[in-house]
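>>> Here is my input, please return the structure:
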Amino acid sequence: MIRSRALVDEKVRDLESLLRDEGLSVTHQRLAVYRCLLEDDSHPDAERVFERVRRRVPTISLGTVYKTLDILKDLGAVAEVDAPRSATRYEAVVEPHHHLICGSCGKILDLHAPEYSTLRPSAAPEGFEVRSCSVQFHGTCRACAARKKRTSDPGA
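Residues are numbered from 1 along each chain as shown. Okay, the predicted model is just below:
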């Protein structure tokens with residue numbers, strides 16, 4: 001999802017208010033990490049966030065990025081995305097949605113399909129309270145499928 005600069009700026013201001021409301025410091029490092037996630041829909045891991053943020057904030061450390069991601073996650077401003085065979089990935093889209101995950105390149109795409117958000121397990125043990133539902137579809141993205149077709153059919 002491409003976000004306009006105005007929307008990114010609005011979300012960053014919202015985070016500033018949230019941090020203040022929670023009694024936390026509004027630091028340029030926290031805002032830079034959040035802005036990075038708002039501007040990057042590739043669901044980056046902490047190291048990629050660090051690499052991108054370091055271009056704007058050369059003094060930031062990887063440890064600060066991890067701590068900031070934990071704080072933002074605890075505040076509900078970012079979410080973790082579990083990806084097989086990959087480090088934990090993050091996103092700033094916290095509204096209910098699902099993911100398409102390419103098993104070849106690891107690309108993660110958002111899937112906004114509200115019908116899956118209403119799923120509830122019929123076989124859940126009694127007393128288990130479902131708070132949310134996240135569906136992951138595993139397959140092959142368009143680019144990997146095309147690459148695979150070209151390599152398996154060199155005469156085409």
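>>> For the rest of this, base every contact and every neighbour count on C-alpha atoms.
Noted.
>>> Mind giving me the packing neighbours of the longest helix anywhere in the chain?
Secondary structure of the chain read by DSSP state H shows that its longest helix is helix 5-21. If you count contacts as 3 or more CA pairs under 8 Å, 6 or more residues apart in numbering; DSSP states H and E, helix 5-21 packs onto helix 28-39.
>>> ok, back up a step: CA atoms only for the longest helix of the chain, dumped as PDB, please.
Output of helix 5-21 as PDB, limited to C-alpha atoms (Å, rounded to 0.1, in the frame of the first residue of the first chain):
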ATOM      1  CA  ARG A   5       3.200  11.900   2.600                       C
ATOM      2  CA  ALA A   6       0.300  13.700   4.200                       C
ATOM      3  CA  LEU A   7      -1.100  10.400   5.600                       C
ATOM      4  CA  VAL A   8       2.400   9.300   6.800                       C
ATOM      5  CA  ASP A   9       2.800  12.700   8.500                       C
ATOM      6  CA  GLU A  10      -0.700  12.400  10.100                       C
ATOM      7  CA  LYS A  11       0.100   8.900  11.400                       C
ATOM      8  CA  VAL A  12       3.400  10.100  12.900                       C
ATOM      9  CA  ARG A  13       1.600  13.000  14.700                       C
ATOM     10  CA  ASP A  14      -0.900  10.400  16.000                       C
ATOM     11  CA  LEU A  15       2.100   8.400  17.400                       C
ATOM     12  CA  GLU A  16       3.500  11.500  19.000                       C
ATOM     13  CA  SER A  17       0.200  12.000  20.800                       C
ATOM     14  CA  LEU A  18       0.100   8.300  21.800                       C
ATOM     15  CA  LEU A  19       3.600   8.300  23.200                       C
ATOM     16  CA  ARG A  20       2.800  11.400  25.300                       C
ATOM     17  CA  ASP A  21      -0.500   9.900  26.500                       C
END
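>>> This protein: helices as residue ranges?
5-21, 28-39, 46-56, 62-75, 114-117, 142-152.
>>> right, and those - which one's nearest residue 83?
helix 46-56 (13.4 Å; CA to CA).
>>> pLDDT score assigned to the spatially most central residue of the chain?
Residue closest to the mean C-alpha point of the chain, counted by CA atoms, centre = their mean, is residue 91 at 1.9 Å. On pLDDT, residue 91 comes in at 95.
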